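[1] fold the following, please.
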Amino acid sequence: MCGSETRVVSTNQLAPGRTRRKVQCRAVAGHSFHTEEERVGWRLEKDVHIRHSGDDKIQIEPFDPARLHREVSEGVVGRLSPQEINNAVAGAIAQLKWEVLPDAKPVTGKEYGKIAKATGSSGPLSWIYDWQVREAVEYQLRKTNRIAHILYTLSFLGRPMKGKQGWRSAEDFLEWLYSDAVYPDLREQTPDRISTHTHRWPVERPGTLPKRVVKREGRNVAASKSGGSGGVVDFLESRFRNSIRMAFLGRPNAEMRSQYVSWWVLQDLVGQHRVHSSQLAAGVLQCLRQVDDIAYLRWAIQVKDLRAVREIKTEAIGLIEWPSERLRFQDHAPPRKPLRSRPEAGPADTFINQ
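    The predicted structure follows:
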């Protein structure tokens, strides 16, 4: 009415996202009036939480771009440079803001009370599904690098979802690969899997561990751009186990199974002071082929340096047409690897000794 500046006299929260304020003019006349304000739209980093497909629970913390960056970095296993990862994450976040947030669902009832209490929030909160975030990341990665796209998807869809086990076999992977939204040009008839025997190996830490590892130059993007090279380094069991854990990313019981695979591989290297990195890599490859198709594919893409989607497809088909015998880790099982004893000397041995 008078054109002067105003000040807020009081504020009342009518409901989550709705606020009533009493405002007064600073002029001598002291005009006063009320406003009612309502939140329009959601702030991704403050108001939006992720609902997990596996247990249908909403995570307490709001969407965290740094966490998404870590998940993408682990998922692509060095196939992208840091800048490419930054670009993919930024593109996914922009896609979420424009395409997903307008349809975000409000957090209500007991879920709202629990999250609001934990975060100290008094305003409205919303949620989106984790698969919506995954699809946004997938779209960005597919534009950047198809191998990185597949590596990330293997780590995500291998996780247990609500009412689903997640990917369990190469057949599940090929079904996704052949779908209309992914790579339908690669589609062909999936062969029937040949049945195999199952061996059980008693979980046992090897008696000795290597001391040194001869490394060859890595072939991934991150290593090549940082000047990575070969050499001899100390063997660290934790580092070896963590590298295997990257293959099991998103898989059930990843930590425990990574430990068991590392022991299985190191059992054949007992007594060797110095080993080559290729021995470790090939041992893990052999073990994973018997243990977990999805973890094997993630490991094989890196170790075999697969650079085309068709090569990954061929690797997956090989798991079905020519499967390895299955391996199960079990306490008190009979030895998986027979002990080697020196046979009695025969004529050939006598000739060599002479």
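
[2] ok, Ala316 to Ile147 distance?
    Remark: distance between Ala316 and Ile147 (Cβ to Cβ, to the nearest Å) = 14 Å. Just so you know, the C-beta spots here come from the backbone N, C-alpha and C atoms, and that holds for glycine as well.

[3] same thing with Met246?
    Remark: distance between Met246 and Ile147 (Cβ to Cβ) = 15 Å.

[4] and Gly318, by the same measure?
    18 Å.

[5] next one: Arg216
    Taking Cβ to Cβ, one finds Arg216 at 20 Å from Ile147.

[6] neighbour count winner among these two?
    Ranked by neighbour count (other Cβ atoms under 10 Å), Arg216 and Ile147 place Ile147 first, with 21 against 12.

[7] shaky segments in the chain?
    1, 16-17, 29, 161-164, 217-230, 332-354 (pLDDT under 70).

[8] using the three-state scheme, assign the residue nearest the centre of the chain.
    Centroid-nearest residue in the chain: Ser155, 3.9 Å away (criterion: Cα atoms, centre = their mean). Classification of Ser155 by DSSP: H, G, I helix; E, B strand; the rest coil places it in helix.

[9] OK, contacts around it?
    By Cβ atoms under 8 Å, 6 or more residues apart in numbering, Ser155 lies in contact with 74-75, 249-250, 298.

[10] ok, Gln272 touching Arg212?
    No: using Cβ atoms under 8 Å, Gln272 is not in contact with Arg212; the gap is 9.7 Å.

[11] ok, back up a step: would you reformat the contacts of Ser155 as JSON lines and include distance to Thr119 and neighbour count?
    Output for the contacts of Ser155, formatted as JSON lines (distance: Cβ to Cβ, whole Å; neighbours: other Cβ atoms under 10 Å):
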{"residue": "Glu74", "distance to Thr119": "26", "neighbour count": "16"}
{"residue": "Gly75", "distance to Thr119": "27", "neighbour count": "25"}
{"residue": "Leu249", "distance to Thr119": "28", "neighbour count": "22"}
{"residue": "Gly250", "distance to Thr119": "27", "neighbour count": "22"}
{"residue": "Arg298", "distance to Thr119": "34", "neighbour count": "25"}
